[in-house]
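Engineer: coords below, sequence missing:
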């Protein structure tokens, strides 16, 4: 039974990663343009010393009703601007 759960979790993580890479994460590094045409349009913006970066928190939970309140409470108590967090 534990092996089946592990296989299901691994498959779910693989599918989630593939979906994010195909649709959600269309980010590129400025130092590595996709093509010659993109090299002309590439702009590098310095990291803001004032504003913290936006972070994505992906919660993969199944049958975790007992643990979610504690986990979400921990997220709520973080010393990080809530406007810079995206929970998915």
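Structural biologist: Arrived safely, thanks for sending. Model, not experiment: these values are computed from the prediction.
Engineer: only C-alpha atoms for contact and neighbour calcs from this point on.
Structural biologist: Noted.
Engineer: Can you show me the strands along the chain?
Structural biologist: Listed in chain order, the strands of the chain (DSSP state E) span residues 55-57, 85-87.
Engineer: now the end-to-end length of stretch 78-88.
Structural biologist: 17 Å (CA to CA, to the nearest Å).
Engineer: which residues sit against that stretch?
Structural biologist: The contact list for stretch 78-88, computed with CA atoms under 8 Å, 6 or more residues apart in numbering, reads 52-59.
Engineer: ok so, going back, mind putting the strands of the chain in TSV, mean pLDDT and mean neighbour count included?
Structural biologist: Shown next, in TSV, are the strands of the chain (pLDDT from 0 to 100; neighbours: other CA atoms under 10 Å):
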stretch	mean pLDDT	mean neighbour count
strand 55-57	87	12
strand 85-87	85	12
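Engineer: Kindly reformat those strands as TSV and extend each row with distance to residue 66.
Structural biologist: TSV is the format used below for the strands of the chain (distance: least, CA to CA, whole Å):
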stretch	distance to residue 66
strand 55-57	19
strand 85-87	19
